[in-house]
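Asker: Below are the sequence and a predicted model for it; my questions follow.
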Amino acid sequence: MVAGRVMVVGGTHGNERNAPWLLEAWRRHPALLRSSGLALELVLGNPAAHAAGVRYLDQDLNRSFVPDLLAAPGPGNRELERARELLARHGPGGSAPCLVALDLHSTTAAMGNSLVVYGRRPADLALAAGIQQRLGLPIYLHEQDRAQTGYLVERWPCGLVVEVGPVPQGVIQAPICLQSQLALEAALEVLAEARSGTLRQPDRLLVHRHLGSLDLPRHGDGSPAAVVHPQRQGRDWQPIAAGDPLFLTAEGATIPFHPREDQEIGPVWAVFINEAAYGEKGIALSLTRRESWPVEPGWGRALADLARNLQSPG
Ligand SMILES: [Zn+2]
């Protein structure tokens, strides 16, 4: 594997302003960020959308890293072109290669400081486990959802998303910035220890494994027929049982939660409740299963093999 840096991305969604604010601060004053001796590439994910103050211009950049789309001949739309540009520049085979992608996001949902891991790549799981060991952050393991693919970090050998909220779109709040930075610094510390061979993995990893998503009830014309129930709003990472209030109609009628018949039985936990950007995706909340996994030695070895090739600054 070629040597490379750690890519730190903010503003993959142009209306998420906290991470870009941090990137700008760290560019001006590198000493503000504890980088654990690793060379970083600070990247504004979607500069055009950031300038316009919108999540994206043509399509969600964080759903644009689909191999078939990226490889399709001819020019794509603006986000697809940006995805290709990022890979050509900072992909593992790029002109300024990066081996790890840490993508900093914010959410309007009350997720607190959390991590999103896509699939079960061993190096990703080792990195997430190390961060969870340090900060106790909850982990949303996103997998097997054909409606939601093409995430940025999936195109780098290792990577995850830091997701902090609640914060309104377009708003910068100091606690959100602080939490984003804490998670990033913990990630860099884990990578540095993996590089030096001193990483000690925890025994277990607690994940919230993605089961599926629920849309709002809708009228025949597609408009919402209810909103998230006030007893559900803001209760991310909490269990939801059959019969619990889920939605509320304009007439004041409560619509309770009913597990779908095809869903695995047992308690489920809700995440990304009423995330503003997911309305257009038909997602009012996502459901997860809370699981404790034994940490496998192979995860740490995979991360160490990769981290050995991470560069130092200068
Ligand atoms: Zn985002």
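Answerer: In hand now; what should we look at? In this text the structure is predicted, and so the values were computed from the model without any measurement. Residues are numbered from 1 along each chain as shown.

Asker: so how many other residues sit close to G222?
Answerer: Applying other C-beta atoms under 10 Å, we find 8 residues neighbouring G222. All C-beta spots, glycine's among them, are computed from the backbone N, C-alpha and C.

Asker: Next up, the contacts around the residue nearest the centre of the chain.
Answerer: A centroid search over the chain (C-alpha atoms, centre = their mean) returns V161, at 3.0 Å, as the residue closest to the centre. Under the criterion of C-beta atoms under 8 Å, 6 or more residues apart in numbering, the contact partners of V161 comprise D103, L104, H105, L115, V116, V117, Y118, Y151, V153.

Asker: Take those and lay them out in JSON lines including secondary structure and pLDDT.
Answerer: Converted to JSON lines, those look like this (DSSP: H, G, I helix; E, B strand; the rest coil; pLDDT from 0 to 100):
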{"residue": "D103", "secondary structure": "strand", "pLDDT": "98"}
{"residue": "L104", "secondary structure": "strand", "pLDDT": "98"}
{"residue": "H105", "secondary structure": "strand", "pLDDT": "98"}
{"residue": "L115", "secondary structure": "strand", "pLDDT": "98"}
{"residue": "V116", "secondary structure": "strand", "pLDDT": "98"}
{"residue": "V117", "secondary structure": "strand", "pLDDT": "98"}
{"residue": "Y118", "secondary structure": "strand", "pLDDT": "97"}
{"residue": "Y151", "secondary structure": "coil", "pLDDT": "98"}
{"residue": "V153", "secondary structure": "helix", "pLDDT": "98"}
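
Asker: Relative to the ion, which of those residues is nearest.
Answerer: Closest approach between those and the ion, by C-beta to the ion: H105, at 3.4 Å.

Asker: Could I get the full set of strands for the chain?
Answerer: Counting by DSSP state E, the chain has these strands, from start to end: 5-10, 40-44, 98-106, 112-118, 139-142, 158-165, 204-214, 226-228, 238-240, 245-249, 254-256, 268-271, 285-294.

Asker: now those strands as TSV including distance to L303?
Answerer: TSV is the format used below for the strands of the chain (distance: least, C-beta to C-beta, whole Å):
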stretch	distance to L303
strand 5-10	12
strand 40-44	17
strand 98-106	9
strand 112-118	13
strand 139-142	15
strand 158-165	7
strand 204-214	13
strand 226-228	38
strand 238-240	31
strand 245-249	39
strand 254-256	43
strand 268-271	25
strand 285-294	16
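
Asker: Stretch 3-16: how far from the chain's middle?
Answerer: How far stretch 3-16 lies from its chain's middle: 11 Å, per C-alpha atoms, centre = their mean, to the nearest Å.
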